[in-house]
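[1] Show me how the following folds:
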Amino acid sequence: MMNCKDATHLMSEALDRPLSHGERLRLRLHLLFCRGCRAFRQQMDFLRLATRRFLERND
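    So this is what the prediction gives:
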């Protein structure tokens, strides 16, 4: 199973490029068991949404 460092790296990579099927599968499996990485992913999603909304208001 992948470790948290690899999982967070893949989550960051997913913002810039599509993950391969194997990467998505390994990440999904890790997230099933790791509460800390699930929280990290939620925080990333929140920051992306907040940034997007901020930029839309300032256009």
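[2] From now on I want contacts and neighbour counts done on CA atoms only, so please keep to that.
    OK.
[3] Quick one: the helices in the protein, in order.
    Using DSSP state H, the helices of the chain run over 4-13, 21-33, 35-57.
[4] what's the longest one packed up against?
    Right, helix 35-57. For helix 35-57, the elements it packs on are helix 4-13, judged by 3 or more CA pairs under 8 Å, 6 or more residues apart in numbering; DSSP states H and E.
[5] The helix it packs on vs helix 21-33, what angle?
    Helix 4-13 runs at 120 degrees relative to helix 21-33, counting by axes from the mean of the first three to the mean of the last three CA atoms, to 10 degrees.
[6] What are the contacting residues of helix 4-13?
    Applying CA atoms under 8 Å, 6 or more residues apart in numbering, the contact partners of helix 4-13 are 19, 23, 27, 30, 37, 40-41.
[7] And stretch 23-36, by the same measure?
    1-3, 7, 10, 37-38.
[8] quick one: that stretch to chain centroid distance?
    10 Å (CA atoms, centre = their mean, to the nearest Å).
[9] now swap in stretch 33-43 and tell me
    Using CA atoms, centre = their mean, the offset of stretch 33-43 from its chain centre is 9 Å.
[10] what is the mean pLDDT for that stretch?
    In this model, stretch 33-43 carries a mean pLDDT of 98.
[11] Minimum pLDDT in the contacts of stretch 23-36, which residue is that?
    Ranked by pLDDT, the contacts of stretch 23-36 bottom out at Met1 (82).
[12] how much space between the closest residue to it other than its chain neighbours and Leu47?
    Distances taken as CA to CA, 6 or more residues apart in numbering place His30 nearest to Met1, at 6.8 Å, with adjacent residues excluded. Distance of His30 to Leu47, computed by CA to CA, to the nearest Å: 22 Å.
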